[in-house]
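Asker: I'd like to go over a predicted model; first the sequence, then the structure.
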Amino acid sequence: MRCWRNDESRQTARGGAYRVSRRRYAIAVRHLLILLGLTAAAELRVERLFGPETPTGPYKHPASICVLDNGDLYLVWYGGEGEYANSTAIWASRRTEGGGAWSAPKKVAQDPLRSLGNGVAWQAPDGTLWLFYVVRFGETWGSSRVAVKLSGDRGETWSDSTMLVLDEGWMVRGKPIVLSSGEWLLPLYQETGTGRERVPPDTASVFLLRNPKTGEWTRGGRIRSKNGNLQPAPVEVSPGRLIAFCRRGGGYGPGERGYIVRSESRDGGRSWSEGVDSEFPNPNSAVDLIKLASGALLLVYNDSMSERTPLVAALSTDGGKKFPRRLTLAAGKDSFAYPSAAQAAGGTIYVVFTSDNRKAIRLASFREEDVKGAGR
């Protein structure tokens with residue numbers, strides 16, 4: 001009996017040593033892969049939130065995500081029968097802090113006479129939740145204006161809507177940012193022309209500035225570029241100095257080529273440099289750019305000239321000069337488009353985007369370290 005136990009002990013010891021060896025080997029291999037830039041981020045998670053089966057209409061595009069001050073995630077999008085359907089409305093859903101299921105979508109804005117689009121939720125420093133969205137007055141987006149609603153209870157109830165911008169062709173797509181001066185900078189764009197498949201060269205990114213003490217909105221600068229640009233995503237890299245990445249103008253398809261347009265401001269968004277092509281390809285698709293808690297910049301874009309796939313997150317730690325680390329969030333024979341990014345207080349980064357021919361909303365969650373561990 002004693003000999004049997006001795007044999008078992010020796011076998012257990014050998015098995016334990018084997019398991020330890022395997023574990024050390026796996027760790028060593030993973031570290032080597034990270035050094036070589038060959039491993040995917042282990043913490044990247046992509047969830048399908050809503051699809052055509054959700055009763056907001058089959059069309060769900062684009063989506064915008066906001067992290068509220070209590071940790072909740074607040075998601076808005078516009079839905080209906082199609083992009084140009086007359087009955088599209090702004091819908092919202094919430095996930096409480098700590099995870100769990102998303103709430104049933106709730107209609108938060110609708111116009112009985114006109115189509116709505118491009119909902120954007122943003123919580124101001126005073127806790128007020130703002131909902132910006134587009135009201136389309138005619139057959140194409142070039143007829144649009146920008147409307148707004150306010151909530152004092154984190155989106156549980158909303159004010160009546162009011163028009164923020166009455167200029168024809170002005171639209172919203174990205175969230176405001178708070179500048180070091182205390183002012184808010186709201187990125188907008190003015191789309192000209194009446195085409196549905198091509199944006200004219202005079203289409204430009206524009207901005208509004210708000211003084212939170214007086215509540216006054218004033219006009220900022222305009223980004224002009226050779227082929228037009230729209231849907232700017234700005235960040236402030238140092239006091240008064242901003243950079244913005246914009247979707248290119250032009251048309252769609254394999255024959256259309258172009259890059260994300262980059263511009264800079266050195267006076268807090270009151271004027272902007274001529275927009276120039278960046279290093280990043282752009283298939284005429286929206287991008288997002290945010291400043292993380294660490295000070296690093298995160299750019300989310302489609303890394304392709306002609307297809308809205310793959311969807312990639314790129315990280316810069318030098319104020320936007322270089323983005324050497326890039327993490328693929330979604331790839332394949334689909335369209336992964338219109339990213340909206342936000343970072344929670346604990347460091348988790350959320351990127352919401354649409355797929356399945358604009359019929360599904362997906363959410364990617366990861367951390368800054370996951371992008372740093374990814375290859376170029």
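Answerer: Alright, I've got the coordinates.
Asker: Downstream of the helix or strand bottoming out on mean pLDDT in the chain, the next helix or strand is which one?
Answerer: Ranked by mean pLDDT, DSSP states H and E, the weakest helix or strand in the chain is helix 2-36, scoring a mean of 39. Moving toward the C-terminus from helix 2-36, the first helix or strand encountered (DSSP states H and E) is strand 45-50.
Asker: ok, that following strand: who's next to it in the sheet?
Answerer: Here strand 45-50 is paired, per DSSP bridges, with strand 360-366 (antiparallel).
Asker: counting contacts, what elements does the helix or strand following the strand it pairs with pack onto?
Answerer: The helix or strand immediately downstream of strand 360-366 is helix 368-372, counting by DSSP H and E. When contacts are defined as 3 or more C-beta pairs under 8 Å, 6 or more residues apart in numbering; DSSP states H and E, helix 368-372 packs onto strand 311-316, strand 325-330. Heads up, the C-betas are built off the backbone N, CA and C, glycines and all.
Asker: Adding distance to residue 156 and mean pLDDT, write the ones you listed out as CSV.
Answerer: Output for the helices and strands packed on helix 368-372, formatted as CSV (distance: least, C-beta to C-beta, whole Å; pLDDT from 0 to 100):
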stretch, distance to residue 156, mean pLDDT
strand 311-316, 32, 98
strand 325-330, 31, 98
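Asker: so of those strands, which one's packed in deepest?
Answerer: Highest mean neighbour count among the helices and strands packed on helix 368-372 (mean count of other C-beta atoms under 10 Å): strand 311-316, with a mean of 24.
Asker: for it, packing partners?
Answerer: Using 3+ C-beta pairs under 8 Å, 6+ apart: strand 311-316 touches strand 297-302, strand 325-330, strand 337-343, strand 349-355, helix 368-372.
Asker: what would these look like in TSV with distance to residue 44?
Answerer: Shown next, in TSV, are the helices and strands packed on strand 311-316 (distance: least, C-beta to C-beta, whole Å):
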stretch	distance to residue 44
strand 297-302	13
strand 325-330	7
strand 337-343	14
strand 349-355	10
helix 368-372	6
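Asker: which one of those lies closest to residue 100?
Answerer: Nearest to residue 100 among those is strand 349-355 (14.9 Å), distances taken as C-beta to C-beta.
Asker: What mean pLDDT does the closest one get?
Answerer: Averaged across strand 349-355, pLDDT comes to 98.
Asker: now stretch 285-304
Answerer: For stretch 285-304, the mean confidence score works out to 98.
Asker: Run a quick neighbour tally on residue 105.
Answerer: 21 (other C-beta atoms under 10 Å).
Asker: what's the spacing between the nearest residue to it once chain neighbours are set aside and residue 63?
Answerer: Of all residues not flanking residue 105 in the chain, residue 91 sits nearest, at 4.5 Å (C-beta to C-beta, 6 or more residues apart in numbering). Residue 91 sits 9 Å away from residue 63, taking C-beta to C-beta, to the nearest Å as the criterion.
Asker: what touches both of the two?
Answerer: 76, 77 (C-beta atoms under 8 Å, 6 or more residues apart in numbering).
Asker: got the contact list for the residue nearest to residue 105?
Answerer: 56, 76, 77, 78, 79, 105, 106, 107, 108, 119.
Asker: Surely it is within a strand?
Answerer: Yes: according to DSSP: H, G, I helix; E, B strand; the rest coil, residue 91 belongs to a strand.
Asker: Residue 98 is in contact with residue 71, correct?
Answerer: Yes: using C-beta atoms under 8 Å, residue 71 makes contact with residue 98 at a distance of 7.5 Å.
Asker: and the two? which has more neighbours close in?
Answerer: residue 71 (13 against 7).
Asker: and that one, what helix or strand is that in?
Answerer: Using DSSP H and E, residue 71 falls outside every helix and strand.
Asker: hmm, back to that, which among the helices and strands packed on strand 311-316 is found nearest to residue 270?
Answerer: Per C-beta to C-beta, nearest to residue 270 of these: strand 297-302, 21.5 Å.
Asker: Name the strands paired with that closest one and say parallel or antiparallel.
Answerer: By DSSP bridges, strand 297-302 pairs with strand 288-291 (antiparallel), strand 311-316 (antiparallel).
Asker: Lovely, talk soon.
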